[in-house]
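Enquirer: here are the coordinates; sequence isn't available:
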């Protein structure tokens, strides 16, 4: 692993930024950027912060993310979220690494799986799955699960049986195990 020392350039933010707002920039070595595959045409980055460390990686489309994760031997599924017969979101979920990548189609955010959240976490994904199921506290839950052939409340297993269909809306999910 190569390492270099760098300084952060700090300047006042312009435009419509609030009073006292700052911008922070770091200059990256050309060879590193080139090895990441960053070009003028493909310059989006995925930034991650774990509380101690900032990580920069090349932004991948959902299918590129899934292909990379599958190449590492991970269990990956594609969830396609529909409103009626209109595809609203495709969610690529890596069950080995517990990470997700979502791509939204050109529909109002209210119709997408994660609304205005462009980079959902694994916890966001788990909440989304549970929202597409009967509530845990619903009366008659045990009988409902028995009807589905399930021994316990498991949102993924419920969705595999029901496609995440709810009486209140026309939304549903298809699930594909990627190989």
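Expert: Noted; the coordinates are in hand. Note that the structure is predicted; figures quoted are calculated from it, not measured.

Enquirer: Could you count how many residues lie near residue 158?
Expert: If you count neighbours by other C-beta atoms under 10 Å, residue 158 ends up with 20. All C-beta spots, glycine's among them, are computed from the backbone N, C-alpha and C.

Enquirer: so where do the helices sit in the protein?
Expert: If DSSP state H is used as the criterion, the helices of the chain fall at 30-36, 62-71, 122-131, 141-148, 155-162.

Enquirer: could those be laid out in CSV, adding distance to residue 13 and mean pLDDT?
Expert: Listed next are the helices of the chain as CSV, based on distance: least, C-beta to C-beta, whole Å; pLDDT from 0 to 100:
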stretch, distance to residue 13, mean pLDDT
helix 30-36, 24, 91
helix 62-71, 32, 94
helix 122-131, 29, 97
helix 141-148, 51, 95
helix 155-162, 42, 97
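
Enquirer: Can you redo those helices as JSON lines, where the extra columns are distance to residue 169?
Expert: Shown next, in JSON lines, are those (distance: least, C-beta to C-beta, whole Å):
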{"stretch": "helix 30-36", "distance to residue 169": "41"}
{"stretch": "helix 62-71", "distance to residue 169": "24"}
{"stretch": "helix 122-131", "distance to residue 169": "11"}
{"stretch": "helix 141-148", "distance to residue 169": "19"}
{"stretch": "helix 155-162", "distance to residue 169": "13"}
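
Enquirer: Out of these, the one nearest residue 93 is which?
Expert: helix 122-131 (6.0 Å; C-beta to C-beta).

Enquirer: What is the closest one packed up against?
Expert: Where contact means 3 or more C-beta pairs under 8 Å, 6 or more residues apart in numbering; DSSP states H and E, helix 122-131 is packed against strand 86-94, strand 99-104, helix 155-162.

Enquirer: Report the mean per-residue pLDDT for the shortest one.
Expert: It refers to strand 99-104. Average pLDDT, strand 99-104: 95.

Enquirer: Residue ranges of each domain in this structure, please.
Expert: 9-58, 62-178 (automatic domain parsing).

Enquirer: Quick one: residues contacting residue 72.
Expert: Applying C-beta atoms under 8 Å, 6 or more residues apart in numbering to residue 72 gives the contacts residue 96.

Enquirer: Show the pLDDT at it.
Expert: Reading off the model, residue 72 has pLDDT 96.

Enquirer: what separates it from residue 80, distance-wise?
Expert: Noted for residue 72: a distance of 23 Å to residue 80, by C-beta to C-beta, to the nearest Å.

Enquirer: wouldn't residue 21 be in contact with residue 15 here?
Expert: No - using C-beta atoms under 8 Å as the test, residue 21 is too far from residue 15 to be in contact (9.3 Å).
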